[in-house]
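Asks: Sequence plus predicted model, see below.
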Amino acid sequence: MGPLDRFVRPSKPSSFEDRATLKTAHHSDSVTSPRVDMNKNYIETAESGSRIASQRHKEKKRNHSFAKSRFGATAVSLNGGQQGKSQRLPSYRHTLRLIDDWHSEFASVQRLLDHLMRRSRSSQSAANYCYGLAVFCLKCKANPDELIRLSREQIEALVQTHCDEINSTRSSRYANAILTYLKTFFSYNGFNRKDNLELRLESYHRRPRIRVDEYVPTLKEALLMADRSGSKRDRAIILTLITTGLRNSALRALRIGDVLTELESREKTLLIKVDPCWNERIAGACKGGMPYYTFAARVATEAIESMLQERRDVFGSFLPEEPLFISNYNQIAPAQRRCKPLTSSALRAVVHNTAKRADIPESDKVRVHSLRKVLDTLLRSPLADGTQMDHKDQEFLMGHTLEGSQEHYHDYFERTNVERMRKLHSKIVFDDTSSLQNLRLEVTRKIAKMVDLNVSDICAMKSLELGRPLTEEEEEQLLEQEIRIKNSERRLTREQKILDAEDLEEYLKLGWEFSAALPDGRIVISRERRPDQVK
């Protein structure tokens, strides 16, 4: 018998009659769950179930303490914090008796996990499904194996009521997600179309455009966040997020060994390969298990080098298997701290605090994903040489799946393509160009005044027409247009002549003005046309 044979579960029930047998018997490898009275407090039952599971683990001399922190042992609450202090309940891992990421002592939960394993192998998706199911179990005061023994009508009423409550307090998007999680769980436990027992549930209307409570900083604001970060680690984090577009979990899964070879070869645009094996480091690090790569720009590379030099000074050395961005929690020993990656909440705190220091008005709405959108904006902007990046290249660098069959015809993982993408990424403008914009505007204003244009009146009239103040870019474009019109009018009201240099003095006495000297020695002169000559 192999080491994983104890986790093997029988296939899902093929009919309602097969499910009925679960009322009296479970698989021999399953732990017989305590009978739960629907009218009793489920908290006591869940706690007793946890004690039973813990006892069985001790008997088998296996330590599963890592399971408490792999997904984050977040406790759930039935009152949602609306009735005073939240009541602390067992974590969703204990509620569903999860042994590890993909195995549960409940047969019904195991069928769900088997389906998710076949479908996506995403640990983060499994965590989301399990969390939603655990909250539902606590709400119904029943364990998963007992829920699938209820009638179709009872399940429909419980699920719909539960999701109605979520929709009334949270977003319709979240309510639809929970509805999908629960329908999937029951579907793979016999309540499906094949058995003519598919749950009849109503989803929730979602408005076509929902305002997301998020603020995406400008490039100037994002760079200011890095400058005011307060530490070399936080500066490297912000600049890496801006220039690579990595997601929260992917950034935390980065290890020194992932970039060490590039750093040692003195590359300024660092190649970062996001691999499905990263999901074993942190759940969801490689979204959908789809590999891709991106790059850290020169400014981020320099920040990473400075951070690693500081770590060498503090710890004496660093190892390739250590996280690139470590926790700064000072309540643990240094030897443990250097091996402890950032938590998701710690990374969110870094972004929030740096946004606050940068005096961003809506700093509380700046999220880790907001900095990913900064890169998305830059990819769609003109490059340093004035060209535009191809849409397929933009999508690949963001880690998106190329539509249709494009992915088969663009092998981005070839060495020549990797270097092409590196060169392309190096052309992205990560410098703050706002000061250059201000300089261009000042020069344009001076030229406008030199050709006798009233700058303030022109801008005031256009602002009144639009019903709002002009942006600097709009003002610059408006003045350039007025200058071109003024020059055209001047050309129509002036006449020019080309003559030899010796004749210049005679024409100057007649009121002509010197304009330019030609390479062959002749002179260009001009003067205002008489009113009868202007058409």
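Replies: The structure has been received and is ready for your questions. Numbers count the residues shown, from 1 in each chain.
Asks: So Ile332: helix, strand or coil?
Replies: Under DSSP: H, G, I helix; E, B strand; the rest coil, Ile332 falls in the coil class.
Asks: how about low-confidence regions in the stretch 401-535 of the chain?
Replies: In the prediction, the stretch 401-535 of the chain carries residues with pLDDT under 70 at positions 402-410, 432-437, 439, 489-493, 529-535.
Asks: quick one, helices of it?
Replies: Secondary structure of the stretch 401-535 of the chain (DSSP state H, counting those that start in this stretch): helices at 406-409, 415-425, 434-450, 455-466, 472-492, 504-509.
Asks: Which strands or helices does the last one pack on?
Replies: What that stands for is helix 504-509. Counting contacts by 3 or more CB pairs under 8 Å, 6 or more residues apart in numbering; DSSP states H and E, helix 504-509 is packed against strand 523-528. The way it works is simple: take the backbone N, C-alpha and C, and place the C-beta from them, glycine included.
Asks: Same question for the third one.
Replies: For helix 434-450, the helices and strands in contact under the criterion 3+ CB pairs under 8 Å, 6+ apart are helix 455-466, helix 472-492.
Asks: tell me which residues in the longest one are buried?
Replies: Neighbour-count burial for helix 472-492, counted by 16 or more other CB atoms under 10 Å, picks out 475-476, 478-479, 482-483.
Asks: now swap in the shortest one and tell me
Replies: By neighbour count, and taking 16+ other CB under 10 Å as the criterion, the buried residues in helix 455-466 are 455, 458-459, 462.
Asks: ranges for the strands of the chain?
Replies: For the chain, the strands defined by DSSP state E cover 98-100, 103-104, 270-274, 292-296, 494-499, 513-517, 523-528.
Asks: Please name whichever of the helices of the stretch 401-535 of the chain is nearest to Arg247.
Replies: helix 415-425 (17.7 Å; CB to CB).
Asks: angle of the closest one against strand 270-274?
Replies: 120 degrees (axes from the mean of the first three to the mean of the last three CA atoms, to 10 degrees).
Asks: how near is Leu260 to Phe318?
Replies: Leu260 sits 9 Å away from Phe318, going by CB to CB, to the nearest Å.
Asks: Any chance of a markdown table for the helices and strands packed on helix 434-450, columns distance to Asn438?
Replies: A markdown table is the format used below for these (distance: least, CB to CB, whole Å):
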| stretch | distance to Asn438 |
| --- | --- |
| helix 455-466 | 15 |
| helix 472-492 | 7 |
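Asks: now for those helices, which one comes closest to Arg311?
Replies: Nearest of those (CB to CB): helix 472-492, 41.8 Å.
Asks: Quick one: list the elements packing against that closest one.
Replies: Where contact means 3+ CB pairs under 8 Å, 6+ apart, helix 472-492 is packed against helix 434-450, helix 455-466.
Asks: how about a cut-off of 10 Å?
Replies: helix 434-450, helix 455-466, strand 523-528 (3 or more CB pairs under 10 Å, 6 or more residues apart in numbering; DSSP states H and E).
Asks: Dump stretch 254-268 to PDB, restricted to CA.
Replies: What follows is stretch 254-268, C-alpha atoms only, in PDB (Å, rounded to 0.1, in the frame of the first residue of the first chain):
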ATOM      1  CA  LEU A 254       9.700  34.900  -5.200                       C
ATOM      2  CA  ARG A 255      13.000  33.400  -3.900                       C
ATOM      3  CA  ILE A 256      16.500  34.800  -4.200                       C
ATOM      4  CA  GLY A 257      17.400  31.900  -6.400                       C
ATOM      5  CA  ASP A 258      14.800  33.000  -9.000                       C
ATOM      6  CA  VAL A 259      16.900  36.200  -9.700                       C
ATOM      7  CA  LEU A 260      20.300  35.300  -8.400                       C
ATOM      8  CA  THR A 261      21.800  34.100 -11.700                       C
ATOM      9  CA  GLU A 262      20.600  37.300 -13.500                       C
ATOM     10  CA  LEU A 263      22.000  39.500 -10.700                       C
ATOM     11  CA  GLU A 264      25.400  37.700 -10.900                       C
ATOM     12  CA  SER A 265      25.500  38.200 -14.700                       C
ATOM     13  CA  ARG A 266      24.900  41.900 -14.100                       C
ATOM     14  CA  GLU A 267      21.700  42.100 -16.000                       C
ATOM     15  CA  LYS A 268      19.800  45.300 -15.500                       C
END
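Asks: List the buried residues for that stretch?
Replies: 254-256, 258-259, 262, 267-268.
Asks: I'd like the residues you listed written out as CSV, with distance to Ile99 and pLDDT added.
Replies: Formatted as CSV, the entries for these read as follows, by distance: CB to CB, whole Å; pLDDT from 0 to 100:
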residue, distance to Ile99, pLDDT
Leu254, 28, 95
Arg255, 27, 95
Ile256, 31, 95
Asp258, 30, 95
Val259, 34, 95
Glu262, 38, 94
Glu267, 43, 92
Lys268, 46, 92
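Asks: Tell me how far Pro217 lies from Val374.
Replies: 6 Å.
Asks: anything in contact with each of the two?
Replies: Common contacts of Pro217 and Val374, defined by CB atoms under 10 Å, 6 or more residues apart in numbering, comprise 223, 225, 242.
Asks: Got the domain ranges for the protein?
Replies: 5-187, 219-425, 433-491, 493-535 (automatic domain parsing).
Asks: which one of those domains lies closest to Leu197?
Replies: Of all those, domain 5-187 comes closest under CB to CB, at 5.5 Å.
Asks: is it true that Arg312 touches Phe318?
Replies: Yes: using CB atoms under 10 Å, Arg312 is in contact with Phe318, at 6.2 Å.
Asks: quick one, which of these two is more surrounded?
Replies: Phe318 (18 against 11; other CB atoms under 10 Å).
Asks: Now for that one: which residues touch it?
Replies: Taking CB under 10 Å, 6+ apart, one finds 256, 260, 308-309, 311-312, 324, 326, 338 in contact with Phe318.
Asks: re the thing from before, what would the strands of the chain look like in TSV with mean neighbour count?
Replies: Putting the strands of the chain into TSV (neighbours: other CB atoms under 10 Å) gives the following:
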stretch	mean neighbour count
strand 98-100	20
strand 103-104	22
strand 270-274	20
strand 292-296	23
strand 494-499	14
strand 513-517	12
strand 523-528	16
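Asks: and those strands as JSON lines, adding distance to Arg193?
Replies: Putting the strands of the chain into JSON lines (distance: least, CB to CB, whole Å) gives the following:
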{"stretch": "strand 98-100", "distance to Arg193": "28"}
{"stretch": "strand 103-104", "distance to Arg193": "25"}
{"stretch": "strand 270-274", "distance to Arg193": "37"}
{"stretch": "strand 292-296", "distance to Arg193": "35"}
{"stretch": "strand 494-499", "distance to Arg193": "83"}
{"stretch": "strand 513-517", "distance to Arg193": "84"}
{"stretch": "strand 523-528", "distance to Arg193": "86"}
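Asks: got the contact list for Gly289?
Replies: 120-123, 275-279.
Asks: so which of the buried residues of helix 455-466 comes closest to Tyr507?
Replies: Nearest member of the buried residues of helix 455-466 to Tyr507, counting by CB to CB, is Val455, at 35.0 Å.
Asks: Make sure the closest one is actually in contact with Lys449.
Replies: Yes: with contact defined as CB under 10 Å, Val455 and Lys449 form a contacting pair (6.4 Å).
Asks: who touches both of those two?
Replies: In contact with both Val455 and Lys449: Leu479, using CB under 10 Å, 6+ apart.
Asks: Can you list the neighbours in contact with stretch 455-475?
Replies: Under CB under 10 Å, 6+ apart, the answer for stretch 455-475 is 434, 437-438, 440-441, 444-446, 448-449, 454, 476-479, 481-482.
Asks: Before I go, just wanted to say thanks for your time.
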